[in-house]
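[1] for reference, the sequence and a predicted model appear below.
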Amino acid sequence: MLSYTFLLRWFAGLCCAVVLVSHAAAQPPILSAQSWLLLDTNSGVTLASHEPDRRLQPGSLAQLMTAFVVFVALGEQRIALEDRVTVSPGAFAAPGRDGARMFIEPGAAVTVAELLRGLIVSSGSDAAVALAEHTAGSQAAFVDRMNAEVRRLGLVDTHFANPTGLADTQQYSTARDLARLTRRLRSDFPQFLPLFREREFTYNHIGLATQNRLLWSDPAVDGMKTGQLDSSGWSIVASATRPRGSTSGTWDRTLVAVVLGAPNDGVRAQEALRLLNHGFVEYDTVRLFRGAQILSRAEVLKGERSELPIGPEADVFVTVSASERQQLVDRALRTEIERTDPLLAPLTKGEPVGRLKISVPGKVLADVPVVALESVPPAGLFGRAYDAVRLWWRRRN
């Protein structure tokens, strides 16, 4: 095990993307919703929550997964934004709650790009069905893909029964799972995030507008989706991004507020905004290490090279409350890399080789993987034999 300590001032902001421990902070606002959660997407820390694992029907929030599956298909080049989709009778007839439709016409040819806008901006059930049929051949096959992504992403309290978000007792999710899905959607598909910021667009001479009223009232809000059902009330997933800077540079800090089961449209928006403001005011997120920053050089045996640079694969952030931030100023951070030495070639760039643990007295702030920052091919026969003897001798002594 290799251990070393960096003395860092809290705002030096040197370097790492990260699993954190939640810390005490000011009491979060009291909301009237059935369930809610506030997530810092940089660090992955839950800043506040109330019954975050309560299963509720998500309404049109289910379309976040519909978009996710379509984005996966686009990334795998199984479909393209320029594809022209012929609207089926089933897509045309898809019921939309309170006018949540794109108003596509049967037999018309609509591009995938246009359908995505209809799905994301106006929550169009007809657009959701058209995208599902084009992506997977049928709604049933598309729902199978939705639930396959549920399993892959580890969303343990989520199941989908349709791509539209219409009421179904077999369709449910939680504030925690929807926050996790939103974080992955934002990190995996940043090229599509501008769609979630759009407030309105026109299709076939019909003006369509988002139901996310926060996009109209707060310039920091940049997504994501609203939903409403009689059985589960009014819900929203709202994200907001504000720049954060330090001596190590500037990055964007993004929070996601999930509010499920509010009594009406105005309350869900107000409570989501209260959560976002609470997170920005009461917490701070600091980047300690940059992705691919070399933290150490490890010994390698049986390789073409005897040394390997190692470090975090992605930026590492830590999140603390405002009160803790003041307490941590001028205190030493202990940074420890744990690994089993020596490393044996071949090693591939990005391969995990240990863990990075960041702590202050009495607290673990981060525990993240450390990876090989370069590849090390195996040595020739003589080199491997020589290092095998060296390794045997070390173990013997």
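    Looks like it came in fine. Numbers count the residues shown, from 1 in each chain.

[2] can you give me the helices in the stretch 151-300 of the chain?
    For the stretch 151-300 of the chain, the helices defined by DSSP state H, counting those that start in this stretch occupy 175-188, 193-197, 214-217, 265-282.

[3] out of those, flag the one nearest Val45.
    For those, proximity to Val45 was assessed by CB to CB; helix 265-282 is nearest, at 9.8 Å. All C-beta atoms are positioned from the backbone trio N, CA, C, and that covers glycine.

[4] what helices or strands is the closest one leaning on?
    The contact analysis (3 or more CB pairs under 8 Å, 6 or more residues apart in numbering; DSSP states H and E) places helix 265-282 against strand 35-40, strand 45-50, helix 214-217, strand 221-229, strand 233-246, strand 249-262.

[5] how is this structure partitioned into domains?
    Per automatic domain parsing, the structural domains of the chain span 2-15+292-396, 35-287.

[6] from these, which stretch is densest packed?
    Most buried of the domains of the chain, by mean neighbour count (mean count of other CB atoms under 10 Å): domain 35-287, with a mean of 20.

[7] got the end-to-end distance for that domain?
    30 Å (CA to CA, to the nearest Å).

[8] now that domain: how far from the chain's centre is it?
    Domain 35-287 sits 12 Å away from the centroid of its parent chain (CA atoms, centre = their mean, to the nearest Å).

[9] lowest-confidence helix or strand of this protein?
    In the chain, no helix or strand scores lower on mean pLDDT, DSSP states H and E than strand 2-3, which sits at a mean of 42.

[10] circling back to that earlier point, would JSON lines of the helices and strands packed on helix 265-282 with mean pLDDT and distance to Phe192 be doable?
    Below are those laid out as JSON lines (pLDDT from 0 to 100; distance: least, CB to CB, whole Å):
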{"stretch": "strand 35-40", "mean pLDDT": "98", "distance to Phe192": "19"}
{"stretch": "strand 45-50", "mean pLDDT": "95", "distance to Phe192": "25"}
{"stretch": "helix 214-217", "mean pLDDT": "95", "distance to Phe192": "16"}
{"stretch": "strand 221-229", "mean pLDDT": "96", "distance to Phe192": "10"}
{"stretch": "strand 233-246", "mean pLDDT": "90", "distance to Phe192": "13"}
{"stretch": "strand 249-262", "mean pLDDT": "91", "distance to Phe192": "15"}
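
[11] what about the helices in the stretch 1-150 of the chain?
    Under the criterion DSSP H, counting those that start in this stretch, helices of the stretch 1-150 of the chain are mapped to 63-75, 89-93, 112-120, 125-136, 139-153.

[12] could I get these as a markdown table with mean pLDDT and distance to Arg184?
    Shown next, in a markdown table, are those (pLDDT from 0 to 100; distance: least, CB to CB, whole Å):
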| stretch | mean pLDDT | distance to Arg184 |
| --- | --- | --- |
| helix 63-75 | 98 | 8 |
| helix 89-93 | 94 | 27 |
| helix 112-120 | 98 | 16 |
| helix 125-136 | 97 | 18 |
| helix 139-153 | 98 | 6 |
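
[13] got these as TSV, with distance to Pro352 columns?
    Shown next, in TSV, are the helices of the stretch 1-150 of the chain (distance: least, CB to CB, whole Å):
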stretch	distance to Pro352
helix 63-75	24
helix 89-93	44
helix 112-120	35
helix 125-136	33
helix 139-153	19
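
[14] closest to Ala167 out of the ones you listed?
    Comparison of these against Ala167 by CB to CB identifies helix 125-136 as nearest, at 11.7 Å.

[15] relative to helix 112-120, how tilted is that closest one?
    On the basis of axes from the mean of the first three to the mean of the last three CA atoms, to 10 degrees, helix 125-136 is oriented at 130 degrees to helix 112-120.

[16] so His134 touches Val85, yeah?
    Yes: between His134 and Val85 there is a contact under CB atoms under 8 Å: 4.5 Å.
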